[in-house]
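Undergrad: Coordinates only, no sequence provided:
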């Protein structure tokens, strides 16, 4: 009985793990890890909890219309969002709802470049980028 329940539970996880895995996303994360290690030799890996904190924190130095990532992406990153400045619809940021997220290096850098400045009032660090992607890959 317990083995059957464990097997069912394990199978239930497979689709989300398969969906979260993407060689292009992994390569982007690997690049950010290399940058993070270069900046801080003690870097030990990305952390989804730090990524969630980055996503949910209300920052004070960015655009007042976008004090947090949730301003555009909603509290649930699996839901569609809306640009707080233009009203333009935004596809879900969570990988489970949008498997293409974080797979195009140029698009990822463009989004982080614009959104980090708008929300945090500064560039995101490689650790912040990797933590954010790690959180979203688990959503």
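TA: Arrived safely, thanks for sending. Quick caveat, the model's predicted, so the values are computed rather than measured.

Undergrad: how about the strands in this protein?
TA: Here the chain has its strands, by DSSP state E, at 81-82, 89-90.

Undergrad: Highest mean neighbour count out of these?
TA: For these, average neighbour numbers computed from mean count of other C-beta atoms under 10 Å are highest in strand 81-82, which has a mean of 16. C-beta: built from backbone N, CA, C; applies to glycine.

Undergrad: So which elements touch that one?
TA: helix 70-73, strand 89-90 (3 or more C-beta pairs under 8 Å, 6 or more residues apart in numbering; DSSP states H and E).

Undergrad: Pull the residues that contact the shortest one.
TA: Spelled out, that is strand 89-90. 72, 73, 80, 81, 82, 83 (C-beta atoms under 8 Å, 6 or more residues apart in numbering).

Undergrad: what's the farthest-apart pair in those residues?
TA: 80 and 83 (11.1 Å; C-beta to C-beta).

Undergrad: So residue 50 sits against residue 131, correct?
TA: Yes. With contact defined as C-beta atoms under 8 Å, residue 50 counts as touching residue 131 (4.2 Å).

Undergrad: Show me which of the two is the more surrounded one.
TA: Neighbours per residue, other C-beta atoms under 10 Å: of residue 50 and residue 131, the larger number sits with residue 131, 25 against 16.

Undergrad: just to revisit the earlier point, looking at the strands of the chain, spot the one closest to residue 99.
TA: Nearest of those (C-beta to C-beta): strand 89-90, 15.9 Å.

Undergrad: if we can go back for a sec, mind putting the strands of the chain into CSV with distance to residue 66 and mean pLDDT?
TA: Formatted as CSV, the strands of the chain follow (distance: least, C-beta to C-beta, whole Å; pLDDT from 0 to 100):
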stretch, distance to residue 66, mean pLDDT
strand 81-82, 11, 97
strand 89-90, 12, 97
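
Undergrad: can you redo the ones you listed as TSV with distance to residue 55?
TA: Conversion of the strands of the chain to TSV gives the following (distance: least, C-beta to C-beta, whole Å):
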stretch	distance to residue 55
strand 81-82	12
strand 89-90	14
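
Undergrad: Tell me which of these lies nearest to residue 138.
TA: strand 81-82 (18.2 Å).

Undergrad: gap between the closest one and the chain center?
TA: 15 Å (C-alpha atoms, centre = their mean, to the nearest Å).
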